[in-house]
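> got a sequence here, can you model it:
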Amino acid sequence: MGWAALPDPSQAEQLARELAWCVEQLELGLKMQRPSQKQKEQAVGAIRTLRSQRTPLPRKRQLMRSLFGDYRAQMEAEWQEALRALRTAAHSARVQPVGEAARRKSGRVCRPHLTGGAKPTTDTPDEEFKFNFF
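Next up is the predicted model:
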C-alpha cells in the first residue's frame, strides 16, 4: 500500500471545491486583468497542473498555497460575502402588505375584486364558437 491512502468522500469533495476555486480564480485573472505574457504562461501552466490527474496531491496543494496564500481562508471569506449578499437581497425582496390607508390613497394599487359584482360569463358549452371579424 502506498503512502497516500484514498481520501474519504468528504475530503475528496473538499479538495474538488478547493481545486475548482483556484482554477476559477486563475481563469478570472486571465479574463479580467491584462497579464503579461509570462504571467499568462504561468497561469495557464498552473491551471494545467491543477487539472491534471497525474499531478500528486501534495504538489497541487503546494501550488495553490504558493499562488493564493491561505486559499481556504479566502474561499471562506468569499463564501461569507456571497451569503451576506444573498441575505441582504432576500431581506430587501420581501413583499410588504399594503395598508388600507395606502390602498385608498393610491390609484395605482390593485384593489380587491368583489365577488358579488362579477360579470357573468357568456361562454357556455352549448354555444358554437365563431370569430367575430365584422
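> how far away is Leu83 from Gln37?
With distances taken as C-beta to C-beta, to the nearest Å, Leu83 is found 38 Å from Gln37. All C-beta atoms are positioned from the backbone trio N, CA, C, and that covers glycine.
> helices or strands next to the longest helix seen in the chain in the packing?
Using DSSP state H to define each element, the chain has its longest helix at helix 9-32. Packing contacts for helix 9-32, counted by 3 or more C-beta pairs under 8 Å, 6 or more residues apart in numbering; DSSP states H and E, involve helix 37-51, helix 57-68, helix 71-92.
> okay, the ones you listed in CSV with mean neighbour count and distance to Asn132 next?
Listed next are the helices and strands packed on helix 9-32 as CSV, based on neighbours: other C-beta atoms under 10 Å; distance: least, C-beta to C-beta, whole Å:
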stretch, mean neighbour count, distance to Asn132
helix 37-51, 13, 66
helix 57-68, 14, 70
helix 71-92, 11, 48
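> can you add distance to Pro9 and mean pLDDT and give those helices back as JSON lines?
Conversion of those to JSON lines gives the following (distance: least, C-beta to C-beta, whole Å; pLDDT from 0 to 100):
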{"stretch": "helix 37-51", "distance to Pro9": "20", "mean pLDDT": "92"}
{"stretch": "helix 57-68", "distance to Pro9": "15", "mean pLDDT": "93"}
{"stretch": "helix 71-92", "distance to Pro9": "19", "mean pLDDT": "90"}
